[in-house]
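>>> Please work out how this folds:
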Amino acid sequence: MLKNVQKKLVRFIDTGLKQQSLSAWLGILAIFALFLRLPLLTDSFWLDEAAQALEVIRPWREQLNIAADFQPPLFHLILHLWQYIGHQEWWLRSVSLLSGLGSVMIFSALAWRWQGRRTGVIVGFLLATSSLHVFFSQELRPYMLAVFWSSLAMASYWSILFPQDGLKSLLSTKSSWPQLSKRTAFISLTLANLAGGLTSYVYLFFIVAQVLTSWLVGRRRAWLISKSVVLTGLAWLIWLPGLLSQLAASSALRTMVPDWEKVVSLTQAKALPLTVAKFWVGVLPIDLVWSDAIIVILPCIFVFYLGIKYWQSSAESAKKQLLTLLSLLVLTLATSWLFSFWTPVISPKRVLFLLPLMYWVIGLVTRQKHWLAGLLVIYALGLNLFSLAKYWQDPALQRENWRSAISNLEARYQPNDTVVVFGFDAPFAPWEWYQQKNLPTHTTGFKPLTSPESALQALSDLPQAENVILFDYLLDLSDPAHFVSKGLESKGYQLMDVLDYPNLGFIRLYYQKRLYARQELNSKTNYVYQEFSSGTQL
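As a prediction, this is how the structure comes out:
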């Protein structure tokens with residue numbers, strides 16, 4: 001029964017695809033992918049996005065002053081030009097949005113051109129519906145831009161390694177996409193890799209994997225790719241002073257806050273398996289337990305089995321294409337994971353440019369007529385759609401809603417009787433981006449507080465106010481024992497209310513008992529005076 005349903009579905013899709021050209025398919029895919037990326041595009045910036053937004057609105061001469069960001073400068077420079085048009089969330093995020101749409105279309109077109117219509121459609125649909133791809137297409141960070149550069153690099157890289165295979169596929173699909181010359185492919189690969197390396201440091205491992213893979217798969221063109229990478233490396237060295245300043249800042253932060261790496265990076269033992277798992281489940285939470293792992297292990301077994309069948313039944317050129325994709329995936333993951341023993345770098349968002357390659361492998365091994373091939377595609381697509389629906393519905397899977405929290409606080413409090421306390425060395429970036437009333441702020445520093453005395457010292461110059469707003473955000477790093485709360489209580493403040501926002505955490509609202517008591521007494525005195533003045537019998 002299942003086999004018959006799959007055959008009818010495949011026959012229906014093939015019939016429809018034969019009536020469509022590559023350009024028509026890419027137009028449909030672009031509209032479909034854009035439609036899936038519009039919900040939540042205007043949501044509030046979270047901490048890193050707000051920090052990015054504050055950085056890019058600075059003058060041009062300050063755009064390379066990004067030692068605390070731990071990312072190369074290209075995304076900052078592009079975004080600085082972009083922000084001259086507008087500062088709305090959707091507009092600033094549209095750099096990532098357009099990068100995401102471009103990568104979906106290019107990878108789908110590459111698979112269509114070299115392996116046929118069905119493979120191109122599978123790659124396009126899986127990328128368009130991936131909740132992980134959707135999420136970072138809506139994020140004001142450089143991860144999706146790196147995916148876009150990888151798509152351009154793969155177009156050139158594939159043309160160099162498989163020029164004849166690409167030409168045959170080009171003729172068979174009747175596409176108007178021109179065949180890249182060797183010179184053009186060399187230049188475009190060099191520029192795309194340079195842009196990728198100036199967008200993401202982890203992208204550099206992908207460049208290393210390109211060289212190793214070229215020697216593994218085809219020595220005839222390996223020298224050309226090696227020369228391209230050498231030129232990329234020499235040009236990238238221009239940014240080396242910036243990298244050194246970022247490493248110094250990173251080292252200082254790790255020394256001051258030893259637990260910081262636990263927040264920004266996965267543990268070494270979990271990093272690699274959880275990265276692969278997140279590629280399958282997207283934004284859904286997952287852990288290394290059997291109930292979760294089976295969701296990922298099962299499709300991996302399908303891919304492994306279909307890969308063996310594909311290898312046994314394919315021509316030599318097809319085997320090299322599969323080997324190329326697998327080599328790029330494995331070598332990039334392995335080298336970045338090994339490097340993480342020194343500095344943690346591997347996580348799903350930082351190697352997101354490998355997600356299209358995983359889908360390309362799926363599209364490739366499911367070309368054969370096997371019932372398991374259809375089941376694998378249905379499973380992957382169903383998992384994507386389920387994860388995407390959960391992302392739209394569950395606030396816990398979405399970004400921190402700083403905009404709503406700050407708007408709520410400003411509606412309740414006034415600048416003349418309120419102070420906002422942050423367990424950081426400066427007010428949080430979303431606060432600076434969204435606040436309107438200029439409520440007074442106080443910071444306790446990011447260096448962890450180790451005693452009640454250190455908390456009282458940090459609160460010694462706290463402005464006198466009737467109300468104190470304390471953000472629990474990042475307090476697990478700067479004040480794990482909650483000495484600040486105890487310090488506020490010792491200064492006469494009492495906890496009045498606690499607000500809870502998904503992903504943002506608790507916001508504690510304190511009031512000064514003595515000031516409130518004095519205010520209440522004054523109110524009663526004024527009431528008595530007014531009654532006496534009006535002649536009312538008391």
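>>> Could you use CA atoms for every contact and neighbour count after this?
Will do.
>>> Spatially nearest residue to Pro415, not counting backbone neighbours?
With C-alpha to C-alpha, 6 or more residues apart in numbering as the criterion, Pro415 has its nearest non-adjacent residue at 4.5 Å, and that residue is Leu439.
>>> That neighbour contacts Leu409, doesn't it?
No - assessed by C-alpha atoms under 8 Å, Leu439 is found out of contact with Leu409, at 9.7 Å.
>>> residues in contact with stretch 78-85?
Val56, Ile57, Trp60, Gln63, Leu92, Val95 (C-alpha atoms under 8 Å, 6 or more residues apart in numbering).
>>> got the contact list for the last one?
Contacts for Val95 were tallied using C-alpha under 8 Å, 6+ apart; they are Leu79, Leu140, Leu145.
>>> after whichever strand or helix holds it, next one along is what?
Using DSSP states H and E, Val95 sits in helix 89-115. Next along the chain after helix 89-115, taking DSSP H and E as the criterion, comes helix 117-129.
>>> what helices or strands is that next one leaning on?
helix 2-18, helix 22-37, helix 89-115, helix 355-365, helix 371-393 (3 or more C-alpha pairs under 8 Å, 6 or more residues apart in numbering; DSSP states H and E).
>>> List the buried residues in the longest one.
Think helix 89-115. Neighbour-count burial for helix 89-115, counted by 16 or more other C-alpha atoms under 10 Å, picks out 89-115.
>>> now swap in the last one and tell me
For helix 371-393, a neighbour-count test (16+ other C-alpha under 10 Å) marks 372-377, 380-381, 383-388, 390-391 as buried.
>>> Which members of these are the farthest-apart pair?
Greatest spatial distance among the buried residues of helix 371-393 (C-alpha to C-alpha): Leu372 and Tyr391, at 28.3 Å.
>>> how far does stretch 416-435 stretch from start to finish?
15 Å (C-alpha to C-alpha, to the nearest Å).
>>> How far off centre is it?
25 Å (C-alpha atoms, centre = their mean, to the nearest Å).
>>> quick one, phi/psi of the closest residue to Phe107 other than its chain neighbours?
Spatial nearest neighbour of Phe107, chain neighbours left out: Ser151 (6.1 Å); criterion: C-alpha to C-alpha, 6+ apart. The phi and psi values for Ser151, taken as degrees, to the nearest 10, are phi -70, psi -40.
>>> burial count for Ser151?
26 (other C-alpha atoms under 10 Å).
>>> For Gly363, which non-adjacent residue is closest in space?
Spatial nearest neighbour of Gly363, chain neighbours left out: Thr119 (4.7 Å); criterion: C-alpha to C-alpha, 6+ apart.
>>> Helices of the stretch 151-300 of the chain, start to end?
Using DSSP state H, counting those that start in this stretch, the helices of the stretch 151-300 of the chain run over 163-172, 182-197, 203-217, 219-236, 240-256, 260-264, 268-281, 290-313.
>>> Any idea which of those helices gets closest to Asp69?
Among those, helix 240-256 sits nearest to Asp69 (C-alpha to C-alpha), with 7.5 Å.
>>> For that closest one, could you pull out the residues that count as buried?
Gly242, Leu243, Ser245, Gln246, Leu247, Ala249, Ser250, Leu253.
>>> hang on, the earlier thing: from the contacts of Val95, which single one is nearest Thr42?
Of all these, Leu140 has the smallest distance to Thr42: 11.4 Å, by C-alpha to C-alpha.
>>> Would you mind measuring from Phe206 to Val351?
9 Å.
>>> And Leu409, by the same measure?
Distance of Leu409 to Val351, given as C-alpha to C-alpha: 38 Å.
>>> can you check Gln512 too?
Distance, Gln512 to Val351, by C-alpha to C-alpha: 49 Å.
>>> what do you get for Leu323?
From Leu323 across to Val351, the span is 19 Å (C-alpha to C-alpha).
>>> Many thanks, I have nothing further to ask.
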